[in-house]
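> Have a look; sequence and predicted model below, questions after that.
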Amino acid sequence: MGDSEQKCLKCGDCCKVGRYPKDFGINFNAWLPLTDEDCKRISHYLGISVSDFRKEYRVKGNGSMDQVGGCPFLDDDNSCKIHEVKPVYCSMAKCYYGKWK
């Protein structure tokens, strides 16, 4: 199975701070890039205003969401609480589990 076919193994590594492999060119340390559409879609899903979403989830003016301690939408079982409306950046992610361990 190729990288593009790799299914999510629900290890949670891709959603936890500092777990991205530097050799894949990803520098994710403590922020997640969000588009304006991401903010609108997620805030609507959560039932809060966009401004409340930006404040509560520490979204900066440039669209980056503070993720110190890991993604706030990662559930205890390593599933995404907002999977149906997850950010574009997350939708493009591939599972690289085991490639840097």
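That came through fine.

> Name the surrounding residues that touch the longest helix anywhere in the chain.
Using DSSP state H, we find that the single longest helix of the chain is helix 36-46. Applying CB atoms under 8 Å, 6 or more residues apart in numbering, the contact partners of helix 36-46 are 34, 49-50, 52-54, 59, 63, 82, 84-85, 87-89. For glycine as for every other residue, the C-beta is placed from the backbone atoms N, C-alpha and C.

> residues contacting the residue nearest the centre of the chain?
Nearest to the mean C-alpha position of the chain, counting by CA atoms, centre = their mean, stands Cys90 at 5.0 Å. Residues near Cys90 by CB under 8 Å, 6+ apart: Cys14, Cys15, Leu32, Cys80.

> how about these, which pair is most distant?
Spanning the widest gap among these are Leu32 and Cys80, at 12.0 Å by CB to CB.

> Need the residues touching each of the two.
Joint contacts of Leu32 and Cys80 (CB under 8 Å, 6+ apart) are Cys71, Cys90.
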